[in-house]
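Colleague: What would the 3D arrangement of this be:
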Amino acid sequence: MKKLFKLLMVLFLLPSLVKSQCTIANYLTAFRIPATSYPYISVSSGVTVSVTIVNISTLSDVAYACNGNNYAGASPAWWLNSTTQRIVLNFSAPVTRFTVLANGINATEIFYYAAATGAITLADYCTTGMIPSGSQISYTPTAAGGSLISIVNPTGSTSYTMTHNGLGSGSRVTLLDCFLKLAPLPVELTEFKAQCRSTDVVELQWQTASELENDFFSVEKSADTKNWMELGNVKGAGTFMSVKNYSYRDNNKNSGTVYYRLKQTDVNRNYKYSDMVVLNSCQEKGNGELILYPNPAKSEVIFKTDADGVMVEITDLIGFKLEALSLERGENKVNLSNYANGTYYIKVINENGEVNIKKLLIDN
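Modeller: Numbers count the residues shown, from 1 in each chain. Okay, the predicted model is just below:
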């Protein structure tokens, strides 16, 4: 029931995320927020936006044209016409996209946009007379009176600033109620670890509790935590509301301490990095010591060893061999579901032929 509830909540929220995005096709239906209406609570996204203005005055609005469509902003609108002016929008949650209307009729005006975090690009501006360049946009002589401008920042930010180059006759500016809130990436990562399997092999293992539209994981490696190299990709489970286990082997010999991380990418190409895991050199060989846990065990036990080529035999109390295993360095999971409750001997034989005996209690 809990898994079903999580899935239903995600499916319920997805339409509202789409609805809250303004484009050239749908912006005429968006609510224009008057300059006197802040702080403002957005019904479509649930985000509250407040504003800090510096040297800003307001004007009643006028009608503009955008790609042949007539539209009007809010009344009053902000009046932006000087380099000393600044409009700072503060959102209650990180926003990856918002949209403004601006009217201007000369080729000298330039609007600048900045985010507290992340990098900005501009989208869905009126194609007639508008020239974007990174996080700024300017008018040309063919501008038909104004533009819709969507500010896009995939990283998301809670604070954005609008400024002006101070040239021209100035422009009225209106914020539209179509904020796109940064959605948490739909993967719940519960475990990520790295362990030596031999002097040349490292195994990465990770586990997810649930996934939504997860496309793939990229395994990345670094020697200094600054410069990262992608080793390979592992296909994700798409939408999967149960525990899922993954693994990847790095067969490149490591001479010193190395760091690993995961880059999880969803079907919309949004991505997020996991925490790093650190692993010391696998070149140092142990003495073949075996640690087993849990003990008592139920359906599974883990044999952990610090050396290569360790052999293990499971016997009953009279010494009859029930199973023989060849262990890799690190953790080795052993299925005990076919064993009856009771006490068993674990005979450990390292690569030098030395034998050690341990006891294992199975209590299902």
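
Colleague: List of residues touching the helix or strand in which Thr58 is found?
Modeller: In this structure, Thr58 sits in strand 57-59 according to DSSP states H and E. The contact list for strand 57-59, computed with Cβ atoms under 8 Å, 6 or more residues apart in numbering, reads 35-36, 76-79, 172. Glycine gets a C-beta too; all of them are placed from N, C-alpha and C.

Colleague: so where's this structure shaky on pLDDT?
Modeller: Applying pLDDT under 70 to the chain flags residues 1-20, 65, 67-69, 104-107, 127-129, 140-146, 184-185, 285.

Colleague: And for it, the residue most distant from the center?
Modeller: Note on the chain: the largest separation between a C-alpha and the mean C-alpha position, by Cα atoms, centre = their mean, falls on Ile318 (55.0 Å).

Colleague: And the helix or strand where Lys221 lies, what does it pack against?
Modeller: Assigned by DSSP H and E, Lys221 belongs to strand 202-222. Using 3 or more Cβ pairs under 8 Å, 6 or more residues apart in numbering; DSSP states H and E, the elements in contact with strand 202-222 are helix 2-19, strand 187-196, strand 228-240, strand 244-250, strand 258-266.

Colleague: Buried residues, it. List them.
Modeller: Across strand 202-222, burial judged by 16 or more other Cβ atoms under 10 Å covers 202-206, 208-215, 217-221.

Colleague: now swap in stretch 34-45 and tell me
Modeller: The neighbour-count check on stretch 34-45 (16+ other Cβ under 10 Å) flags 34-35, 38, 40, 42, 44-45 as buried.

Colleague: now those as JSON lines including secondary structure and distance to Ala102?
Modeller: JSON lines is the format used below for those (DSSP: H, G, I helix; E, B strand; the rest coil; distance: Cβ to Cβ, whole Å):
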{"residue": "Pro34", "secondary structure": "coil", "distance to Ala102": "15"}
{"residue": "Ala35", "secondary structure": "coil", "distance to Ala102": "13"}
{"residue": "Tyr38", "secondary structure": "coil", "distance to Ala102": "18"}
{"residue": "Tyr40", "secondary structure": "strand", "distance to Ala102": "18"}
{"residue": "Ser42", "secondary structure": "coil", "distance to Ala102": "20"}
{"residue": "Ser44", "secondary structure": "coil", "distance to Ala102": "21"}
{"residue": "Ser45", "secondary structure": "coil", "distance to Ala102": "21"}
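
Colleague: quick check, the residue farthest from the centre of the chain in a strand?
Modeller: No: counting by DSSP: H, G, I helix; E, B strand; the rest coil, Ile318 is not found in a strand; it is coil.

Colleague: phi, psi of it?
Modeller: Per-residue torsions, Ile318: phi -100, psi 0 (degrees, to the nearest 10).

Colleague: Now do the residue positioned nearest the centre of the chain against Cys178, distance only.
Modeller: Residue closest to the mean C-alpha point of the chain, counted by Cα atoms, centre = their mean, is Lys272 at 2.5 Å. Relative to Cys178, Lys272 is positioned 24 Å away (Cβ to Cβ, to the nearest Å).

Colleague: what's the spacing between Tyr139 and Asn103?
Modeller: To Asn103, Tyr139 is 10 Å away according to Cβ to Cβ.

Colleague: could you say what helices and strands the helix or strand Val49 falls within packs with?
Modeller: Using DSSP H and E, Val49 sits in strand 48-54. Counting contacts by 3+ Cβ pairs under 8 Å, 6+ apart, strand 48-54 is packed against strand 40-41, strand 86-103.

Colleague: For the first one, which helices and strands make contact with it?
Modeller: This points to strand 40-41. With contacts taken as 3+ Cβ pairs under 8 Å, 6+ apart, strand 40-41 sits against strand 48-54.

Colleague: The strand it packs on to strand 86-103, inter-axis angle?
Modeller: Using axes from the mean of the first three to the mean of the last three Cα atoms, to 10 degrees, the direction of strand 48-54 lies 100 degrees away from that of strand 86-103.
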